[in-house]
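Participant: got a sequence here, can you build the structure:
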Amino acid sequence: MNGILIYSREEAARNAFSVEKYKKYLGVSLMYEEETDFSLPADFVINRTDRYEIAEGFERRGIRVFNPSSLSRLANDKQACYKYMSENGVEIMPVDYKTPPLVMKPSFGKGGRGVELIKDFPVPEKAGYVYQKPASDLGRDLRVWLLGGKIIGAVLRESDCDFRANFCLGGRASPYRLNEREIRLIDKISSLIEYDYIGLDFVFHGGRAVFNEIEDAVGARMLYSLTETDIIKDYCEYIKRQMRGKI
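Facilitator: You can find the predicted model right below:
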């Protein structure tokens, strides 16, 4: 099997541990996002960027891409994602919210970067941003990993000094046991999207989990640090099963 793994240069360096695992288990070649070459031969592509255009370019050639472009397009546009989920009966915190306090986040951002809690007027007016009512339980959120339609793990993230609980921003993390309502919510979201390996993020409002984001090129540092799950190995085995009989 001839596979291509795509990262930006920066993310490839930051995720060297993951890159080596993909190479070990799948024998893939690393291609940098900045040097994407759609003409290269490949049986499959693992797109670890936030650009759906990369997935689309290979899909046009009939090449299987993990995750598909439809998922990448939706996951990396928060405004579109909130609209889609809301229209399909998934609860979100209200958007187009203009009365402080509110959360202002770039529609195409990730990792908590560029997200601000606006506490008072005036509210900055910026194109390409989502203005959202904050959840009641600030500094507390939930990350759930899904692979091939199955829940693999869940981690609670908490922060005492920042309304964002992202692990990469210094939040602390602990394993989390999902309740029945949360499992039903995750199953509903899962049924609405086509994906291979993703993260689902939830905030807590009034003590209950509310959908927040889909993480397309989801990281796994928390899962590796808190559990025995080798999710990248599992993902590689999943890719092998998906490709079996197709080449």
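
Participant: mind listing the helices for this structure?
Facilitator: 9-14, 16-26, 52-59, 69-75, 78-87, 180-192, 221-226, 231-243 (DSSP state H).

Participant: state the distance from the spatially most central residue of the chain to Arg244.
Facilitator: Taking Cα atoms, centre = their mean, the centroid of the chain lies closest to Glu215, which sits 0.7 Å from it. According to Cβ to Cβ, to the nearest Å, Glu215 and Arg244 sit 27 Å apart. C-beta coordinates here come from the backbone N, C-alpha and C atoms, glycine included.

Participant: neighbours of Tyr197, how many?
Facilitator: Per other Cβ atoms under 10 Å, the neighbour tally for Tyr197 reads 25.

Participant: and it, what pLDDT?
Facilitator: Listed pLDDT for Tyr197 reads 98.

Participant: hmm, back to that, partner residues bridging the residue nearest to the centre of the chain?
Facilitator: For Glu215, the beta-bridge partners are Gly199 (DSSP bridges).

Participant: mind listing what it touches?
Facilitator: 75, 110, 143, 198-201 (Cβ atoms under 8 Å, 6 or more residues apart in numbering).

Participant: out of these, which are buried?
Facilitator: 75, 110, 143, 198-201 (16 or more other Cβ atoms under 10 Å).

Participant: from those, which one has the minimum pLDDT?
Facilitator: Lys110 (79).

Participant: I'd guessed that one sits against Ser72; true?
Facilitator: No - with contacts counted by Cβ atoms under 8 Å, Lys110 stays clear of Ser72, the gap being 11.8 Å.

Participant: and for those two, which residues touch both?
Facilitator: The contact sets of Lys110 and Ser72 overlap at Asp50 (Cβ under 8 Å, 6+ apart).

Participant: hang on, the earlier thing: from Arg140, how far off is the residue nearest to the centre of the chain?
Facilitator: When Glu215 is compared with Arg140 (using Cβ to Cβ), they lie 17 Å apart.

Participant: can you check Tyr197 too?
Facilitator: 25 Å.

Participant: and for Phe204?
Facilitator: To Arg140, Phe204 is 5 Å away according to Cβ to Cβ.

Participant: do Arg64 as well
Facilitator: 37 Å.

Participant: identify the residue spatially nearest to Ser18, adjacent ones excluded.
Facilitator: Once flanking residues are discounted, Ser18 sits nearest to Ile232: 5.7 Å by Cβ to Cβ, 6 or more residues apart in numbering.

Participant: let me see the contact set for the one you found.
Facilitator: Counting by Cβ under 8 Å, 6+ apart, Ile232 makes contact with 18, 21-22, 25, 220.

Participant: kindly recompute the last result at 7 Å.
Facilitator: Shown in contact with Ile232 (Cβ atoms under 7 Å, 6 or more residues apart in numbering): 18, 21-22, 220.

Participant: kindly report the same for Thr229.
Facilitator: 152-153, 223.
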